[in-house]
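> Predicted model follows, preceded by the sequence.
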Amino acid sequence: MRLIDADYIKIRLCEIADYWRSKGKRYEAVLLNDTVNAVIDSESTITQPSGEWISVEDRLPKTGTVLATDGKVVITAPSSSVTLGGAITHWMPLPEPPEDRESVR
């Protein structure tokens, strides 16, 4: 697992939001700022998948990367891109990576 600096990412995403705002895309800028703040401030984590797809109409993912589908193709996607009214219809958390065989021995 790779560690990330959440504050650095927040600063960069806020810069993107400022750029969108300067181009007259206020809605996108506000949406990005709200999403960034929710993700950075959230204490929740993605849990082990249940093996079942979750409809975006039932619940949206909170943080991290998820498996997402439009019913035809499955992709990995940042949770912030899974929204109501988008192409993605269902999602599920990523599974835990397999154990390193060397560490088991």
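Yes, it's here. What you see is a predicted model; the values in this text were computed from it and never measured.
> what's the closest non-adjacent residue to the residue positioned nearest the centre of the chain?
The geometric centre of the chain, computed from its C-alpha atoms, lies nearest to Ser79 (CA atoms, centre = their mean), at 1.8 Å. In space, Ser79 comes closest to Pro61 once its chain neighbours are excluded; the distance is 3.8 Å by CB to CB, 6 or more residues apart in numbering. Any C-beta I mention is one placed from the backbone N, CA and C, and that applies to glycine too.
> The one you found falls within a strand, correct?
No: when DSSP: H, G, I helix; E, B strand; the rest coil is applied, Pro61 is found to be coil, with no strand at that position.
> Distance of it relative to Asp100?
27 Å (CB to CB, to the nearest Å).
> Might one say that the residue nearest to the centre of the chain is in contact with Val56?
No: counting by CB atoms under 8 Å, no contact exists between Ser79 and Val56, whose distance comes to 11.0 Å.
> Between those two, which contacts overlap?
Common neighbours of Ser79 and Val56 (criterion: CB atoms under 8 Å, 6 or more residues apart in numbering): Trp91.
> Please give me every residue in contact with Ala22.
Careful, residue 22 is Ser; it's not Ala. Residues touching Ser22, when contacts are defined by CB under 8 Å, 6+ apart, are absent altogether.
> So what does it have for phi and psi?
As for Ser22, its main-chain torsions (degrees, to the nearest 10) stand at phi -70, psi -20.
> circling back to that earlier point, pick out whichever of Pro61 and Asp100 has more residues nearby.
Higher neighbour count among Pro61 and Asp100: Pro61, with 22 against 8, using other CB atoms under 10 Å.
> what's the average pLDDT for stretch 32-44?
Averaging pLDDT along stretch 32-44 gives 65.
> do the same with stretch 85-97
In this model, stretch 85-97 has a mean pLDDT of 86.
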